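1. how would this look folded up:
(2 chains)
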Number of protein chains: 2
Amino acid sequence: MKPNVAAALEALSHLDTTVNPAALKAQSRDFFWYSPVLKARLDGVVADFAVSPATEEEVIEVLRTCYAHDCPVTTRGAGTGNYGQAMPLAGGCVLNLRKLNRVKEIHPGRLIVEPGAILKDIDAATRAHSGQELRMFSSTWATASIGGFIAGGSGGVGSVRWGSLRDLGNIIRLRVVTMEAEPRILEFRGEELARVSHAYGTNGIITELEMPLAPAYDWVDLMLAFEDFPAAAAYADALANQDGILIKLATVIEAPAPALYFQRLKGRVTDTQSLVLLMVAPQAIDAFETFTARRGAAQILYRSDDCDWERGPGLVFEYAWNHTTLRALKVDPAITYLQVRYAFPDHLERVEEIRQVFGDEVLQHLEIMRTNGKVHAAGLSLVRFTTEERLDEIVRLHEEMGCMIFNPHRYTLEEGGRQSVDAIQLGFKREADPKGLLNPGKMISWEDPDWRYERMYAYPGLKDQAE
Amino acid sequence: MKPNVAAALEALSHLDTTVNPAALKAQSRDFFWYSPVLKARLDGVVADFAVSPATEEEVIEVLRTCYAHDCPVTTRGAGTGNYGQAMPLAGGCVLNLRKLNRVKEIHPGRLIVEPGAILKDIDAATRAHSGQELRMFSSTWATASIGGFIAGGSGGVGSVRWGSLRDLGNIIRLRVVTMEAEPRILEFRGEELARVSHAYGTNGIITELEMPLAPAYDWVDLMLAFEDFPAAAAYADALANQDGILIKLATVIEAPAPALYFQRLKGRVTDTQSLVLLMVAPQAIDAFETFTARRGAAQILYRSDDCDWERGPGLVFEYAWNHTTLRALKVDPAITYLQVRYAFPDHLERVEEIRQVFGDEVLQHLEIMRTNGKVHAAGLSLVRFTTEERLDEIVRLHEEMGCMIFNPHRYTLEEGGRQSVDAIQLGFKREADPKGLLNPGKMISWEDPDWRYERMYAYPGLKDQAE
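-> As a prediction, this is how the structure comes out:
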């Protein structure tokens, strides 16, 4: 099977396609460069052409045509992922869904939307319609697409209340087009959702989503300073366990990261202060203040409903989740990160054990969230990068101490996840992408069923166009 | 201090007062007769007169006048309590707040309302205004007042999501009038709320409430049948731990109670079937079905969104919380109940231990709810009553097995609670009701500071008007 990319492009030339090198490069990349490991491997990845269909019919035409010409298709939302999810390792076609961005229907508690719609635009539409918003979103809310979030993300702002995208109820329905001679349109609900959610577009293209909504309150953004990191973590954890205090975000960032990396806080936070970032519903502000006064140790550094700073810090969630990493990276390019799961019930003890081992080589950044009904912590630790070997060792040491790592320095589904075959996703790929043309190189179990995860997987089809 | 009730009545005769015996009796009672113990003690309790002010000014006038004449004042919402909360043990005046029932303001996430407003009417107003409803309500929603719920209740439908009324954030503000020569108007928030919430009107009269709201979805009512009680309890507990599946109620009722006591289910539920009652948000129904299919053992007996019964069962929450007891009592007057706290994390194991001890003398009725962020169970066990001694023994055996009992067979705050002085409520009573005229006999620490809780407290001022 040899791709005939030129023939595919030719056949699609009546659509919105491009081969402009700058445009192609831009549409072939995401935020993979957060990882020095991925940067070293994926920097030369570029598609041969990009196409931006405006309708589901055009998506189908692209898939039918690329199937006929054996041309790889890597689907892209807004390219705000961190693991090369949307990067065309084998070249070929980038299917850019940005024009498929209509908000189709809004109902109490749910909406129907196309995948290219930007999270911020969705929330603007649902808020204006009926005071609603998405249950959860990535910190790249202002630029990320809903399709990319579902296909490439796992949770985010709102996970402290609603858990993860993979939890039942956080996605209602996905409409999916297959990569076959004659693409089929399928509607997935319930158990079927696991086939294509968080599958990086390796086994079908999402053309419509039905998502649950929550009330859109005028969230009060807060930054609290603590002189003691364990006290900050315990405070955020306890607040998230307050059933009557509605919050959407609880983030803990260890000193001196806030002083070093949050430039808009310069002069306001000291290098001994750890921060807790919060989004609190306005009707819960009294209760928040009462709770905080009981705990004692916190200093309220910033609150969006009562701020006299000449220049405010902006949205608080843009200091949280992977925006913490981004801000650190901007100041110190040697910083990278890890994704750690500190499981209930001893998550805070585990964090302290880790802190003792690594000191300031690994600064703690915790996102307080829920899994199976319990509040615990997801770590997006800030790691001072030296070598790949040391980074792998840091991963191994975490695992030896009982922490699960979702490695953000890998570009495959399995290595970024639980390092095991996802039989549901693989099974559906066999059905929906028999030629294996969708986002090649991202699903190890398709490429190399006997892979043992002893070292980093290197996709043999990787096409470095810079070479 | 001798009350001059006649003078107080005379001075208030320009207001809406009554001395009509039937009206007086009706306004002097609540659902105390759920308890054979309370029935034996309180059946003859009747006020000397009742007054129904229509404004806060009239409330103040009643309090000022009764204070001047040393006339006891027992405040009443709709009289749907179960512990004689609103029964005038010392006679005197019943202050009926039913006419103080305006919904004053509705905002995103909160409303301002007068105490006499009926929960159902509040929800109708907030739903029509902006698709909102109260976070939680008692199963007496159709007839209970919001003031009575706050002053005499602890939680209910919605507690599976939001915890209890005492949790920070579940009451925003209370406006309170004191019982002094010149009554003061106070506004309580934060820590101050604990002074008067769940104080039975013993230390101030609530004239306005600010309460948080949640989205009013078209909840789907469900009844699921299980052949195995532990499986039913484990199912409900696990469902309530699903962060992405929004529910408002999860109730578990042990066989054969549903077959025996739920007459609208006659012929539909067998005497070996335990029931789980649920309210599920419509946008979560797919996820609910997926979750339920995974667990296997449940049979969906009823769902309000797909019902072909000739006569439906009505609202599912009217089979839950204390409506379970009510339905049992209607069929078998020998049934009474207990309120048990099965604490996280071993709540389900504890329930099984209790079941082994009591067999069908105590049938399990669990309300799945949250406390401190954790899902656990509150028991409103159905008890086959024989003697007061045996009932006390059942209480003691529960306590010996590590279960906290909130005894519904007592009419004092302390005995229905944690059997200890509430220094905050007592301290505020000293300030706000110096003559001790508000709801006499309900706060032991006021009446008898040295009381040891070795036996049931008997208020020495109890006036049995039937004698």
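2. span of stretch A:121-137 from start to end?
-> The straight-line separation of the ends of stretch A:121-137 (Cα to Cα, to the nearest Å) is 12 Å.
3. whoops, I mixed them up, stretch A:59-75
-> One end of stretch A:59-75 sits 10 Å from the other (Cα to Cα).
4. touching chain B at all, stretch A:195-202?
-> No: using Cβ under 8 Å from any Cβ of the partner chain, stretch A:195-202 stays clear of chain B, with a minimum separation of 12.2 Å. In this view, the C-beta of every residue, glycine as well, is placed from N, C-alpha and C.
5. other residues contacting that stretch?
-> A:74-75, A:85-86, A:150-154, A:165-166, A:171, A:174, A:176, A:188, A:203-204, A:206, A:413, A:424-425, A:427-429, A:433, A:438-439, A:442-443, A:446 (Cβ atoms under 8 Å, 6 or more residues apart in numbering or on different chains).
6. in helices, which of those residues appear?
-> A:150, A:151, A:152, A:413, A:424, A:425, A:427, A:428, A:429, A:446 (DSSP state H).
7. what's the nearest residue to residue A:56 if we skip its chain neighbours?
-> Using Cβ to Cβ, 6 or more residues apart in numbering or on different chains and skipping the chain neighbours, the partner closest in space to residue A:56 is residue A:207 (4.5 Å).
8. who's in contact with that neighbour?
-> Counting by Cβ under 8 Å, 6+ apart, residue A:207 has contacts A:56, A:59, A:100, A:114, A:115, A:175, A:176, A:177, A:185.
9. which non-adjacent residue is nearest the residue positioned nearest the centre of chain A?
-> The residue lying closest to the centre of chain A (Cα atoms, centre = their mean) is residue A:153, at 3.6 Å. In space, residue A:153 comes closest to residue A:138 once its chain neighbours are excluded; the distance is 5.4 Å by Cβ to Cβ, 6+ apart.
10. same question for residue A:219.
-> Per Cβ to Cβ, 6+ apart, closest to residue A:219 is residue A:279, 4.2 Å.
11. swap in residue A:459?
-> In space, and not counting its chain neighbours, residue A:459 is closest to residue A:441: 3.3 Å by Cβ to Cβ, 6+ apart.
12. next: residue A:395.
-> Once flanking residues are discounted, residue A:395 sits nearest to residue A:405: 5.1 Å by Cβ to Cβ, 6+ apart.
13. OK, contacts around residue A:126?
-> A:103, A:106, A:111, A:132, A:133, A:134, A:213, A:216.
14. again, only this time at 6 Å
-> Contacts for residue A:126 were tallied using Cβ atoms under 6 Å, 6 or more residues apart in numbering or on different chains; they are A:106, A:111, A:132, A:133, A:213.
15. swap in residue A:346?
-> So residue A:346 contacts nothing (Cβ under 6 Å, 6+ apart).
16. need the pLDDT of it.
-> For residue A:346, the pLDDT comes out at 97.
17. and what of residue A:297?
-> 82.
18. over to residue A:394?
-> Listed pLDDT for residue A:394 reads 98.
19. state the helix or strand in which it lies.
-> helix A:388-400 (DSSP states H and E).
20. please apply the same query to residue A:349.
-> According to DSSP H and E, residue A:349 maps onto helix A:347-358.
21. near chain B, which residues of the stretch 51-200 of chain A show up?
-> Listed as neighbours of chain B in the stretch 51-200 of chain A under the rule Cβ under 6 Å from any Cβ of the partner chain: A:108, A:109, A:110, A:162, A:163, A:167, A:168, A:169, A:170, A:189, A:190, A:191.
22. just the buried ones among these, please.
-> A:109, A:110, A:162, A:163, A:167, A:168, A:169, A:170, A:190 (16 or more other Cβ atoms under 10 Å in any protein chain shown).
23. from the residues of the stretch 51-200 of chain A next to chain B, which is closest to residue A:229?
-> residue A:163 (25.3 Å; Cβ to Cβ).
24. returning to that earlier point: next, the angle helix A:347-358 makes with the helix holding residue A:394.
-> For helix A:388-400 against helix A:347-358, the angle by axes from the mean of the first three to the mean of the last three Cα atoms, to 10 degrees is 140 degrees.
25. other SSEs contacting helix A:388-400?
-> Judged by 3 or more Cβ pairs under 6 Å, 6 or more residues apart in numbering or on different chains; DSSP states H and E, helix A:388-400 is in contact with strand A:404-405.
26. can you pull the domain assignment for chain A?
-> As given by automatic domain parsing, the domain ranges for chain A are A:5-98+A:422-447, A:103-215, A:220-405.
27. so can I have JSON lines of these showing distance to residue B:381?
-> Output for the domains of chain A, formatted as JSON lines (distance: least, Cβ to Cβ, whole Å):
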{"stretch": "domain A:5-98+A:422-447", "distance to residue B:381": "43"}
{"stretch": "domain A:103-215", "distance to residue B:381": "31"}
{"stretch": "domain A:220-405", "distance to residue B:381": "24"}
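28. out of those domains, which is closest to residue B:307?
-> Per Cβ to Cβ, nearest to residue B:307 of the domains of chain A: domain A:103-215, 21.0 Å.
29. quick one: the residue nearest to residue A:56 and chain B, what's the gap?
-> To chain B, residue A:207 is 19 Å away according to Cβ to the nearest Cβ, to the nearest Å.
30. in the stretch 301-450 of chain A, what residue is nearest chain B?
-> residue A:373 (2.8 Å; Cβ to the nearest Cβ).
31. ok, now which ones touch that residue?
-> Shown in contact with residue A:373 (Cβ under 6 Å, 6+ apart): B:241, B:375.
32. where's it relative to residue B:374, distance?
-> Per Cβ to Cβ, to the nearest Å, residue A:373 is found 8 Å from residue B:374.
33. helix, strand, or coil at residue A:383?
-> Recorded secondary structure, residue A:383: strand (DSSP: H, G, I helix; E, B strand; the rest coil).
34. can you give me the end-to-end distance of stretch A:138-152?
-> End-to-end span of stretch A:138-152 (Cα to Cα): 11 Å.
35. and that stretch, what's buried?
-> Neighbour-count burial for stretch A:138-152, counted by 16+ other Cβ under 10 Å, picks out A:138-142, A:144-152.
36. out of those residues, which one sits closest to chain B?
-> Relative to chain B, the closest of these is residue A:150; by Cβ to the nearest Cβ it sits at 13.4 Å.
37. residue A:279 contacts residue A:246, doesn't it?
-> No: Residue A:279 lies out of contact with residue A:246 (Cβ atoms under 6 Å); the separation is 9.5 Å.
38. how about the strands in the stretch 1-150 of chain A?
-> A:17-18, A:49-51, A:73-76, A:93-96, A:103-107, A:110-113, A:132-134 (DSSP state E, counting those that start in this stretch).
39. what sits up against the shortest one?
-> Okay, so that is strand A:17-18. So strand A:17-18 is contacted by A:49, A:50, A:51 (Cβ under 6 Å, 6+ apart).
40. repeat that for 7 Å
-> A:9, A:24, A:49, A:50, A:51 (Cβ atoms under 7 Å, 6 or more residues apart in numbering or on different chains).
41. hang on, residue A:200 in a strand?
-> No: remark: residue A:200 does not belong to a strand; assigned using three-state DSSP, it is coil.
42. noted, bye for now.
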